[in-house]
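Chemist: compute the structure for the input listed below.
(one chain, ligands or ions: 2)
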Amino acid sequence: MRVKLTGALAGVGCAALALGVAELVSLLTGPRSSPLVAVGGAVVDATPEWAKEFAIRTFGQNDKLALLAGTGTFLLLFSVVLGVVAVRRPRLGYAGLALFGLLGLAAAVTRPGAGPAAALPTLLGVAAAGIALRLILRAPAPTGPGRDVDRRGVLLAFGAAALTGGAGFTLARRDSAVPKVTLPKPVSPAATATDLGIPELSTFVTSNRDFYRVDTALVVPRLNPDTYRLRIKGRVGKAMTLSYQDLLDRPLVEREITLTCVSNEVGGELAGTARWLGVPVAELLREAAPQPGADQVVSRSSDGWTAGTPTSVLLDGRDALLAVGMNGQPLPLEHGFPVRMIVPGLYGYVSATKWLTELELSTFADFDPYWVRRGWAKQAPIKTFSRIDTPRPLSRPKSGMVTVAGVAWAQHRGVDRVEVRVDGGAWHEATLGAVVSTDTWRQWVWRWEATPGRHTLEVRATDHTGAVQPEERRPPFPDGATGWHSVVVTAG
Ligand SMILES: Nc1nc2c(c(=O)[nH]1)N[C@H]1C(S)=C(S)[C@@H](COP(=O)(O)O)O[C@H]1N2
Ligand SMILES: [Mo]
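Modeler: Numbers count the residues shown, from 1 in each chain. Ligands and ions are numbered 1, 2, ... in the order given. So this is what the prediction gives:
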């Protein structure tokens with residue numbers, strides 16, 4: 001029993017040491033070469049077609065911590081077994097360690113954009129663990145089967161693991177701020193809408209801090225603006241490479257645009273409006289001269305994620321931008337610093353590539369981007385949506401005059417009307433906030449004379465083409481949810 005316990009502890013100590021050393025080394029080779037992050041990233045990407053249910057649930061959610069915790073638990077169990085086995089059969093122990101190393105190695109070097117140096121954290125981590133195991137497993141125990149375990153060695157392994165891992169994490173955190181850059185003024189500034197200023201109602205412009213975040217990145221890519229390059233290539237007459245400064249030197253426009261995630265559920269919060277500063281995509285595309293038939297622009301990020309946008313949409317005159325600024329600031333790291341794409345009217349997964357490094361003119365027949373490979377639709381215009389922000393579900397407003405308010409969106413078609421009804425009765429027209437383009441959401445408000453009791457409020461919007469938001473509830477997969485948002489309240 002004791003041999004087993006100390007063996008288990010030895011295994012965990014060695015595994016922790018491997019991770020700690022790897023974390024420290026990954027400071028030099030980049031955070032995505034850390035085996036924990038690399039394996040987690042590989043798991044995210046390897047979600048197979050048949051596991052679409054899983055993809056639907058993960059898509060759009062930030063279960064990154066859960067994933068890392070899951071990987072960590074698996075490692076813990078593996079290292080316990082490894083330690084217990086190693087005490088009796090050291091060779092098997094070393095073999096297990098090698099297997100564990102191979103897994104990390106395979107993940108680290110096959111991550112998009114990984115060079116040979118990505119192997120170093122795992123290699124050095126496993127080497128350190130191997131040496132520690134060797135020192136810990138001493139001569140055969142004088143009594144009984146198995147080897148004696150050097151308890152001091154185990155303690156030392158844990159100590160070294162804590163030191164290296166701790167140093168790695170602290171140092172990694174130290175330089176996670178956005179590099180200092182000064183953005184030029186736009187040649188064409190954004191006009192803004194007046195905020196209705198109702199408590200609990202989403203503000204017309206969403207602050208960078210409150211803006212939703214959706215991506216597959218386990219660690220936020222950190223690109224250096226000084227060495228940044230954007231390549232425009234593929235089926236073009238003239239391939240181009242632009243630096244960050246090249247982009248800033250162009251005439252920049254600023255536009256308020258509402259971005260929405262296809263994973264947003266009815267009533268969900270995966271939408272936000274920001275003031276984006278950027279270079280019109282169409283100008284760059286025209287200079288690159290797309291070949292006839294190049295109907296898809298594949299945008300690629302530094303971490304290998306891809307989106308596919310119809311070339312025709314990017315050239316139809318809408319404000320599709322390569323954005324460098326968000327609400328007067330350089331893009332925050334989580335929102336794509338230094339450059340991302342923003343296309344009014346299309347869900348983020350087919351248009352809004354963050355940490356953008358490449359635009360490749362291709363065709364829909366030739367290439368399926370990241371989420372399309374996982375079963376999501378190739379074409380994904382944003383569906384008309386409306387949401388009740390206040391009163392909150394299950395709240396207890398006082399009877400009498402109650403302010404019902406929310407937002408509605410139908411990007412690039414525009415919202416023309418929002419209606420509210422109570423308990424399935426007649427529809428009442430809400431008052432809409434004024435907006436300057438069809439590319440943003442609209443705030444809306446309706447004053448309700450509430451009678452005491454339990455009531456159901458429902459909302460629906462009509463877009464500028466006259467199409468009424470469909471009532472039928474459908475889930476986000478494969479091209480966006482539909483259905484009316486409803487809220488149940490009890491007026492007192
Ligand atoms: N590089 C990269 N860009 C990405 C994604 C991603 O996973 N990786 N996710 C997309 C999705 S699905 C959405 S909805 C938007 C969200 O942008 P935000 O996080 O700035 O709100 O980014 C898009 N751009
Ligand atoms: Mo999304």
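
Chemist: Val220 and Glu334 touch, don't they?
Modeler: Yes - Val220 lies in contact with Glu334 (C-beta atoms under 8 Å); the separation is 5.5 Å. All C-beta spots, glycine's among them, are computed from the backbone N, C-alpha and C.

Chemist: okay, the two: which has more neighbours?
Modeler: Val220 (18 against 15; other C-beta atoms under 10 Å).

Chemist: for the residue nearest to that one when sequence neighbours are not counted, the count of nearby residues, please.
Modeler: In this structure, Val220 finds its nearest non-sequential neighbour in Leu333, 4.9 Å apart by C-beta to C-beta, 6 or more residues apart in numbering. Each residue near Leu333 was counted by other C-beta under 10 Å, and the total is 18.

Chemist: what of Glu265?
Modeler: 15.

Chemist: that one: what secondary structure?
Modeler: Following DSSP: H, G, I helix; E, B strand; the rest coil, we place Glu265 in the coil state.

Chemist: list the contacts of the closest residue to it other than its chain neighbours.
Modeler: Leaving aside its sequence neighbours, Glu265 sits nearest to Ala481 (C-beta to C-beta, 6+ apart; 5.5 Å). Each residue near Ala481 by C-beta atoms under 8 Å, 6 or more residues apart in numbering is listed here: Asn264, Glu265, Val266, Gly268, Lys383, Arg473, Arg474, Pro475.

Chemist: just say helix, strand or coil for Val402.
Modeler: State at Val402, reduced to three classes by three-state DSSP: strand.

Chemist: and the residue of the chain at minimum distance from ligand 1, how many neighbours?
Modeler: Residue nearest to ligand 1 within the chain (C-beta to the nearest ligand atom): Gly348, separated by 2.5 Å. Neighbour count of Gly348, defined by other C-beta under 10 Å: 28.

Chemist: next up, the contacts around it.
Modeler: Val214, Leu259, Thr260, Cys261, Val262 are the contacts of Gly348 under C-beta under 8 Å, 6+ apart.

Chemist: near ligand 1, from the residues you listed?
Modeler: Among those, the residues lying close to ligand 1 (C-beta under 6 Å from any ligand atom) are Val214, Leu259, Cys261.

Chemist: using the three-state scheme, assign the first one.
Modeler: Under the three-state scheme (three-state DSSP), Val214 adopts coil.

Chemist: so which elements touch the helix or strand where Ala15 lies?
Modeler: For Ala15, the host element (DSSP states H and E) is helix 2-29. Using 3 or more C-beta pairs under 8 Å, 6 or more residues apart in numbering; DSSP states H and E, the elements in contact with helix 2-29 are helix 35-46, helix 64-88, helix 90-110, helix 120-136, strand 147-149, helix 151-174.

Chemist: could you redo the last one with a cut-off of 7 Å?
Modeler: Counting contacts by 3 or more C-beta pairs under 7 Å, 6 or more residues apart in numbering; DSSP states H and E, helix 2-29 is packed against helix 64-88, helix 120-136, strand 147-149, helix 151-174.
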